[in-house]
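**Q** sequence and predicted structure, then a few things I'm wondering about:
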Amino acid sequence: MLVLSRKKGQSIMIGRNIEISIVDIQGEQVRLGISAPRDVTVHRKEIYEEIISENRQAAAARVDPAAIKTIKLESKENNK
């Protein structure tokens, strides 16, 4: 892990198009500003871990083929 020291108003660059700026420091809390292209998703780590966990659960869930047919029929009826 790379550890850097920065002061309020300073930034670091990740690659050519992601900038992380130190916006504010209050006690033990640091506020960051992140500039990144729209196609780069940015999440707090705890939220990212929840997304991964939910995706794994969804992928492991068994789906009843009859339920898929029902969903397809309902979708067709709603699009009329």
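**A** Nice, I can see it.
**Q** the protein: helices as residue ranges?
**A** Ranges of helices within the chain are 45-60, 65-78, based on DSSP state H.
**Q** show me the chain divided up by domain.
**A** As given by automatic domain parsing, the domain ranges for the chain are 1-40, 43-80.
**Q** mind putting those in CSV, mean pLDDT and mean neighbour count included?
**A** Where you see a C-beta, it was placed from the backbone N, CA and C, and this is true even at glycine. CSV is the format used below for the domains of the chain (pLDDT from 0 to 100; neighbours: other CB atoms under 10 Å):
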stretch, mean pLDDT, mean neighbour count
domain 1-40, 96, 10
domain 43-80, 82, 9
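**Q** re earlier: what about the helices of the chain, which gets the closest to Lys8?
**A** Closest approach to Lys8 among these is made by helix 45-60 (22.7 Å; CB to CB).
**Q** what packs against that closest one?
**A** For helix 45-60, there is no helix or strand it packs on, judged by 3 or more CB pairs under 8 Å, 6 or more residues apart in numbering; DSSP states H and E.
**Q** what does that helix rub up against?
**A** Identification of contacts with helix 45-60 by CB atoms under 8 Å, 6 or more residues apart in numbering yields His43.
**Q** kindly recompute the last result at 10 Å.
**A** 41-44 (CB atoms under 10 Å, 6 or more residues apart in numbering).
**Q** looking at these, which is nearest Asn78?
**A** Nearest member of the contacts of helix 45-60 to Asn78, counting by CB to CB, is Thr41, at 29.8 Å.
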